[in-house]
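1. Got a predicted model here, sequence first, then my questions.
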Amino acid sequence: MGPGPGWSSLHLTNISSAWVKLLAIEDWIFKERNLRICGIGVAWVWFVSVGRESIGENSRLHSMDFCWMWVSGKLAASSYPSLVYSPAGFTDALRTLLGTDQCHFVHFSYPPTILFLTYPFGLLPYIPAFLVWMVATLALYLAAVYTIIPRPTTVIAALTPLAVPVNVLLGHNGFLTAGLIGWSLIVLERRPWLCGIVVGLLSYKPHFGVLFPFVFLASRNWRVLASAAAMSTLLGVAAGVGFGYQGWQSFIDLLHERNPTLSTDGVILTQQSVYGLLDWAGATIWFSWTVHLTVALLVTIAICVVWTSRIPRNLKASILCVGVVTVTPYALQYDLCILSIAVALFVKDGLSSGFLPGERTAVLICLAALLLWFAEIRIGPVVYGVLLLLIARRIAVYPSRELTERKDDAALDAAPIPETL
């Protein structure tokens, strides 16, 4: 004999009570004061660790990826900018300009448009150039996060993900990429032309921009699409005129030289992508590529559908950020600063309409899971999947009436600051 009709009602009541208790526990844990204290502690650990790892013998900086950006700027400002795309010439320039053989960056694999960015740093000595680069790009990244949620706690929290110290230690461009994506989404509705210009600047790292045209087409953001296309074209032509059109030919040739592992020299990088995860797990290259491209296609279609729907724009922007790192096969740890933008947008929507039970805990676990990078575990795709499911869950629970009556950002910014995040 099965349970009576009252059993189902009692069961649902118990589940509801458990969710309420979980939400109360999260409200206590995620108070801003607690987040500030923990965030400052984590950021301090990263600061000390990066300081120790950055300084080598004779108080010189260890070799880092910034060396190739600085040298490319030196060559761009010289009479022979074409040497940037000559493996032998670029290696000799690294050795000559840096006075060391430690920087083993053989292939310059960025499009010529990045030379507009590296050119001014080539005019500075190495150490000042590095400091200016780090301060400027970190400020862009933190300003984007702060603009999304204008609270000091937000800035502290944005310094805690593992991608932050990795980016500083390598002197890479993760802050710049995340900052450009963040600002493009911040200005999208009010200044669509400016949004397109910012997206056009992202063409320096084109594999993180492939999702934007599909989304803008699906959502009929014609001005953004036109502006982005115009900016990308202008930069491409200007790079050809300023640094020689042979740079574009060399860049295309270099792409053809990459083998199916996305490497040009046989070095297998710890790609934080679906492809990278399957490759790390021992799957064949072609199986890994097939699964990755299938996932990328499904995610692209899903995000385009979301952008055609009447859901809060913060959720649209958040799922786009996660999609950007999901669809590309080439994503490294420092690139995951983009997830900070996604989480900030997600949290802003929670501050506007209330959090669902378990959301904040799940996000915290996802960010902590990225520490498995130290064990060379390619955990990134799992994190992307969980974040996508969390966003999809929020989308699913919104009734259609609420979708059209959400608080706008002006009302949110004017409202008293809640005690919890």
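-> Sure thing, it's come through.
2. Please name the nearest non-neighbouring residue to the residue nearest the centre of the chain.
-> With distances taken as C-alpha atoms, centre = their mean, the residue of the chain nearest its centroid is I338 (1.8 Å). Sequence neighbours aside, A178 is the residue nearest to I338 in space, at 4.7 Å (criterion: C-beta to C-beta, 6 or more residues apart in numbering). Using the backbone N, CA and C atoms, a C-beta is placed for each residue, glycine as well.
3. residues in contact with that neighbour?
-> By C-beta atoms under 8 Å, 6 or more residues apart in numbering, A178 lies in contact with Y141, A144, C337, I338, S340, I341.
4. Closest to S49 out of the residues you listed?
-> If you rank these by distance to S49 using C-beta to C-beta, C337 comes first, at 17.1 Å.
5. That closest one against L176, yeah?
-> No - between C337 and L176 there is no contact, the gap being 9.1 Å when judged by C-beta atoms under 8 Å.
6. any common contacting residues for the two?
-> Residues touching both C337 and L176 by C-beta under 8 Å, 6+ apart: Y141.
7. got the residue ranges for the helices in the stretch 201-350 of the chain?
-> Chain-ordered helices for the stretch 201-350 of the chain, with DSSP state H, counting those that start in this stretch as the definition, fall at 211-218, 222-243, 246-257, 274-280, 285-307, 313-327, 338-353.
8. Can you flag the weakest of those by average pLDDT?
-> Least confidently modelled of those is helix 246-257, at a mean of 78 by mean pLDDT.
9. Return the set of buried residues in that helix.
-> Judged by neighbour count (16 or more other C-beta atoms under 10 Å), helix 246-257 contains these buried residues: G247, W248, S250, F251, L254.
10. before we move on, what about stretch 293-300?
-> Neighbour-count burial for stretch 293-300 [16+ other C-beta under 10 Å]: V295, A296, V299, T300.
11. Among the residues you listed, which one sits closest to L390?
-> Set against L390, the nearest of the buried residues of stretch 293-300 by C-beta to C-beta is V299 (14.5 Å).
12. T326 is in contact with the closest one, correct?
-> Yes - with contact defined as C-beta under 8 Å, V299 counts as touching T326 (5.2 Å).
13. Mind listing the shared neighbours of those two?
-> Residues within reach of V299 and of T326 at once, by C-beta under 8 Å, 6+ apart, are L388.
14. picking up where we left off before, with neighbour numbers in mind, choose between C337 and L176.
-> Summary of the neighbour comparison: C337 and L176, criterion other C-beta atoms under 10 Å, with C337 having more neighbours (31 against 22).
15. ok, the nearest residue to that one once chain neighbours are set aside to F251 distance?
-> Spatially, and ignoring its direct neighbours in sequence, C337 is nearest to A178 (3.8 Å; C-beta to C-beta, 6+ apart). Summarising the geometry, the distance separating A178 from F251, computed by C-beta to C-beta, to the nearest Å, is 24 Å.
16. T153 too?
-> According to C-beta to C-beta, T153 stands 42 Å off from F251.
17. Same question for C321.
-> Using C-beta to C-beta, one obtains 27 Å as the distance from C321 to F251.
18. And the contacts of the one helix or strand L390 maps to?
-> Counting by DSSP states H and E, the element that carries L390 is helix 380-397. For helix 380-397, contacts defined as C-beta under 8 Å, 6+ apart pick out 272-274, 276-277, 299, 306, 309, 311, 315, 318-319, 322-323, 325-326, 331, 333, 336, 339, 342-343, 346, 349-350, 356, 359, 362-363, 366-367, 369-370.
19. So which bits of that helix are buried?
-> Going by neighbour count (16+ other C-beta under 10 Å), the buried part of helix 380-397 is 380-388, 390-391, 394-395.
20. Only alpha carbons, please: show it as CSV.
-> Only the C-alpha atoms of helix 380-397 are listed here, as CSV (Å, rounded to 0.1, in the frame of the first residue of the first chain):
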residue,chain,number,x,y,z
GLY,A,380,37.5,24.8,-16.4
PRO,A,381,34.8,23.2,-18.6
VAL,A,382,33.1,21.7,-15.5
VAL,A,383,33.0,25.1,-13.9
TYR,A,384,31.5,26.6,-17.1
GLY,A,385,28.8,23.9,-17.2
VAL,A,386,27.8,24.5,-13.6
LEU,A,387,27.6,28.3,-14.1
LEU,A,388,25.5,27.8,-17.3
LEU,A,389,23.1,25.6,-15.3
LEU,A,390,22.9,28.2,-12.5
ILE,A,391,22.0,30.9,-15.0
ALA,A,392,19.5,28.6,-16.8
ARG,A,393,17.9,27.9,-13.4
ARG,A,394,17.4,31.6,-12.7
ILE,A,395,15.9,32.1,-16.2
ALA,A,396,13.5,29.1,-15.7
VAL,A,397,12.0,30.4,-12.5
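21. Make 26 the first number, not 1, from now on.
-> From this message on, residue numbering opens at 26, which makes the last subject helix 405-422.
22. now that helix: mean pLDDT?
-> Averaged across helix 405-422, the pLDDT comes to 94.
23. got the angle between that helix and helix 338-352?
-> Our comparison of helix 405-422 with helix 338-352, counting by axes from the mean of the first three to the mean of the last three C-alpha atoms, to 10 degrees, yields an angle of 150 degrees.
24. Might you list the low-confidence residue ranges for this structure?
-> For the chain, residues meeting the criterion pLDDT under 70 lie at 26-47, 76-88, 125-132, 281-294, 424-446.
25. between whichever strand or helix holds A387 and helix 363-378, how big is the angle?
-> Here A387 is covered by helix 384-394, with elements defined by DSSP H and E. Angle, helix 384-394 to helix 363-378, by the same axes, to 10 degrees: 170 degrees.
26. now helix 384-394: how far from the chain's centre is it?
-> Shown here is helix 384-394, whose average C-alpha point lies 17 Å from the average C-alpha point of the whole chain (C-alpha atoms, centre = their mean, to the nearest Å).
27. Which parts of that helix count as buried, going by neighbours?
-> Under 16+ other C-beta under 10 Å, the buried positions of helix 384-394 are E384, R385, V388, L389, C391, L392, A394.
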